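1. from the sequence below, what's the structure:
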Amino acid sequence: MAPRLKLFIPLALFGVLALLLARGLQLDPKELPSALIDRPLPNFSLPALESGDMLTNATVTGEVALFNVWATWCITCRVEHPYLEKLAAAGVPIYGINYKDDSSAARRWLAELGNPYRANIVDAEGTLGLDLGVYGAPETYLVDGAGIVRYRHVGEVNDRIWESTLGPLYRQLAGGESGS
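-> Coordinates of the predicted model:
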């Protein structure tokens, strides 16, 4: 190789790295893709927080619903909780997935703050969370009546998120039914 060409190798490598970094800067860091979109809710058999009865994906599907991953150790979950109560009062079905949490602390939390959930799935070991691809709490999944995951939201559900994204998708899937 000619000595002059060797001078251009670092420049070419720099150019390639610059292109890769420029592409990375264009990505939305809050967007965490989910492999489950348009796929069925994972199969599970876990106890209900309230009763201890076993819940499965078959027992919690059949209507358009939100599945909210929460925990008592999650500060943002506490912030989000009143809005979930508002949605539940408006008729939006919400199932809780109590993620890697102490069940007695979770029951106290719900007694103190209210319970917006139709049922709470105890995911003490995080197995359902792993199958869902959960990064942390809170996360909310929109699941259609056939049990297919249609949308995933990472972070707090609030009025802005509901009105701009989750609410319209929910109403579309539910055929314009309830949902504030």
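2. what's the burial count for residue 152?
-> Using other C-beta atoms under 10 Å, the number of residues around residue 152 comes to 20. All C-beta atoms are positioned from the backbone trio N, CA, C, and that covers glycine.
3. is it in a bridge, and if so with what?
-> Beta bridges link residue 152 to residue 141, judged by DSSP bridges.
4. got the confidence number for it?
-> Note on residue 152: pLDDT of 95.
5. quick check, it in contact with residue 138.
-> No: contact between residue 152 and residue 138 fails when scored by C-beta atoms under 8 Å: they sit 11.5 Å apart.
6. check which residues of stretch 86-103 are buried.
-> Residues of stretch 86-103 classed as buried: 87-88, 92-101, 103 (neighbour count, 16 or more other C-beta atoms under 10 Å).
7. in JSON lines, list those along with secondary structure and pLDDT.
-> Listed next are those as JSON lines, based on DSSP: H, G, I helix; E, B strand; the rest coil; pLDDT from 0 to 100:
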{"residue": "87", "secondary structure": "helix", "pLDDT": "98"}
{"residue": "88", "secondary structure": "helix", "pLDDT": "98"}
{"residue": "92", "secondary structure": "coil", "pLDDT": "98"}
{"residue": "93", "secondary structure": "coil", "pLDDT": "98"}
{"residue": "94", "secondary structure": "strand", "pLDDT": "98"}
{"residue": "95", "secondary structure": "strand", "pLDDT": "98"}
{"residue": "96", "secondary structure": "strand", "pLDDT": "98"}
{"residue": "97", "secondary structure": "strand", "pLDDT": "98"}
{"residue": "98", "secondary structure": "strand", "pLDDT": "98"}
{"residue": "99", "secondary structure": "strand", "pLDDT": "97"}
{"residue": "100", "secondary structure": "coil", "pLDDT": "97"}
{"residue": "101", "secondary structure": "coil", "pLDDT": "97"}
{"residue": "103", "secondary structure": "helix", "pLDDT": "97"}
